[in-house]
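>>> Next one to model:
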Amino acid sequence: MGLLQKKQNSPTTWRLLILTVFVILTSLLFQCPINHDAGWYLYAAGAILDGAKIYLDLIDVNPPLIFWLHIPPVWLGRLLNCSAVPLFNSFFLFIVVLSLTLSTHILKKVLLHLPRSSQYCFLGVLIFLFLPYEMPWNCFGQREHLMLVFVTPYVFASAARLMGYPLQIKFAAALGLLAGMGFALKPQFLFAYFCIETYLLVAHRSYKFWKRPESLVIFLYQALHWGYIILAMPEYKAAVLMILPVYGSFTDPIPIRYLVAYSALFGSAVISFLILRSNKLGQLLFVAFSAFFILALVQNKGWHYHLYPTSCSAAMLIAFAILSFDQKIKKTKKLLLATRCAIILMFLCLIVLKAMPFIKPFSKITYPFGESLNQLIPIVKQHAYGKPIYVFSSSVTPAFPLVNYAQARWSSRFNCLWFLPKFYTDVTATEQAFPYHGIAEMDMLERSFLEKLISDIIKASPTIVIVDCAPWLQGFGKTNFQYLEYFSQESRFASFWKDYVFLTSVDTYKVFKRNPRQKP
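Residues are numbered from 1 along each chain as shown. Have a look, this model is predicted:
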């Protein structure tokens, strides 16, 4: 036990362990495919470099910052004549490392009351949380992930301020700039900023506490960011007003398994807060957790990455509570050692479990994707490499990241048919023919979407068209909706579709290839 006690107090041992965890997670990250939203924004960044305009040629509800952040890896990929996917991972990994570096600098002060080994243990938790991925989709590079990475140093710095530790003005301003970018990724993220700042004003009992350099920089960044959007990008407002009425079609109840898991997580976070109620960092983490949890509930999409900030802030809070709680117990040495070893073992087990899909003989797949994408990628590469394709689906997948990995081009200003389900919310599962709206029956909004999409497709003339024929469609549920039947009501599309022949089937997808008719 004496040797083990000596080893666990050695900074070198902990640094090597932290580095090992970082290298393993990073290597696994580069083997995991990018998520669907990252694929869309990488494609959009390339289109912007080619002259496309956001919210006109690329319809999206998010502010422009997420598009701008994807431009550097795409630009560098073109400069080096290589794929932007690994450069995407490298670029955002650099941002993660920057955030971890800033956080480590602050945590040396905030966690000063804990042993050095506990500080390293908490840093290991941060690394694990900042490098997230799940099979078959990961949330690395999602807006929620980037927001947390950008904002975390600001949260730690706020705790340091409350504890009386000074921060250099330039350092604090840099933290504010990062946090400002994080809060600007989605308008609703500003709710978390207001919650944190309100708590800080109440805790410090002085409105002058708001005049911290990092807080002023965040406020200035938001003013410039939203001012630029309002004055220089009026098309953003038009896009939002067009999208919001139909965006609610994806408002599905959060799955029961999520509710159970996050109820348990919420309970654990509350218990951790009670343990840390007199600790400034614990209080701030609980405020952040509560704000993120409310945001996830209000969005009510049931998408796992919306719950990512909630999970991570709760994990930080629980880990910090465990590391702080054993300091209060008299028999600290054995308990402290056992606690750290248990946390290390838990995270190593999680790493091994996450790595198994990539390790033979556990893996039976060629690409680290779902089975459908495994088959679609070589088909699209063979028939439409560098050419336009289109996927009729109300989900962003499989179009993205299929376009990215098959190195094809996209054929529409919309990333998928997310708008369609809104117009048929009153239709339930039935054996009868689906009650499509005729062209004359469509309201102005549905007809506008239909005309824009058909115009895009006819103009691009995609070489490959993939149709989602699953019995359950995102947004529609289990109905008899058929994309080709719906769009063939429009005469231009019906005539255009005659140039396509069936190529093959992949799972629930039918693949068609363009074969123009010979003119007489």
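>>> May I see the buried residues of the one helix or strand residue 241 maps to?
Assigned by DSSP states H and E, residue 241 falls within helix 234-247. Buried residues in helix 234-247, counted by 16 or more other C-beta atoms under 10 Å: 236, 239, 240, 242, 243, 246. In short, each C-beta sits where N, CA and C put it, glycine included.
>>> what does that helix rub up against?
53-56, 59-61, 63-64, 229-230, 418-419, 422-423, 445, 448-449 (C-beta atoms under 8 Å, 6 or more residues apart in numbering).
>>> Repeat the analysis, applying 10 Å as the threshold.
With contacts defined as C-beta atoms under 10 Å, 6 or more residues apart in numbering, helix 234-247 is touched by 53-56, 58-64, 187, 226, 229-230, 233, 301, 414, 418-423, 445-446, 448-449, 452, 475.
>>> all strands for the stretch 51-200 of the chain, in order.
Counting by DSSP state E, counting those that start in this stretch, the stretch 51-200 of the chain has no strands at all.
>>> before we move on, what about the stretch 351-500 of the chain?
According to DSSP E, counting those that start in this stretch, the stretch 351-500 of the chain carries its strands in the segments 388-392, 409-410, 464-468, 472-473, 477-478, 500-506.
>>> For the fifth one, the averaged confidence score.
What that stands for is strand 477-478. Averaging pLDDT along strand 477-478 yields 80.
>>> Please identify the pairing partners of it and their relative orientation?
Strand 477-478 has these partner strands in its sheet, going by DSSP bridges: strand 472-473 (antiparallel).
>>> Just the residues contacting the partner strand, thanks.
Taking C-beta under 10 Å, 6+ apart as the rule, strand 472-473 contacts 393-395, 417, 420-421, 429, 478-479, 481-483, 508.
>>> Now restrict those residues to buried residues only.
393, 394, 395, 417, 420, 421, 479, 481, 482, 483.
>>> hmm, back to that, which of the strands of the stretch 351-500 of the chain has the lowest average pLDDT?
Lowest mean pLDDT within the strands of the stretch 351-500 of the chain: strand 477-478, at a mean of 80.
>>> Could you tell me how far that one lies from the centre of the chain?
25 Å (C-alpha atoms, centre = their mean, to the nearest Å).
>>> What of stretch 40-50?
17 Å.
>>> Tell me the buried residues in it?
40, 41, 42, 43, 44, 45, 46, 47, 48.
>>> with those in mind, which one is nearest to residue 286?
residue 41 (32.0 Å; C-beta to C-beta).
>>> Return the member of the buried residues of stretch 40-50 nearest to residue 282.
residue 41 (35.1 Å).
>>> Single out whichever of the contacts of strand 472-473 has the smallest pLDDT.
Where pLDDT dips furthest among the contacts of strand 472-473: residue 429, at 64.
>>> how many neighbours does residue 188 have?
By the criterion of other C-beta atoms under 10 Å, residue 188 has 12 neighbours.
>>> contacting residues for it?
Contacts of residue 188 (C-beta under 10 Å, 6+ apart): 294, 295, 298, 299.
>>> Quick check: pLDDT value at the residue nearest to the third one when sequence neighbours are not counted.
Leaving aside its chain neighbours, residue 298 sits nearest to residue 188 (7.5 Å; criterion: C-beta to C-beta, 6 or more residues apart in numbering). What the model reports as pLDDT for residue 188 is 94.
>>> which one of the contacts of residue 188 has the most neighbours?
Of those, with other C-beta under 10 Å as the count, residue 295 tops at 20 neighbours.
>>> Starting from residue 313, give me the distance back to it.
11 Å (C-beta to C-beta, to the nearest Å).
>>> Helices of the stretch 201-350 of the chain, residue ranges please.
Secondary structure of the stretch 201-350 of the chain (DSSP state H, counting those that start in this stretch): helices at 213-232, 234-247, 256-275, 280-299, 308-325, 332-355.
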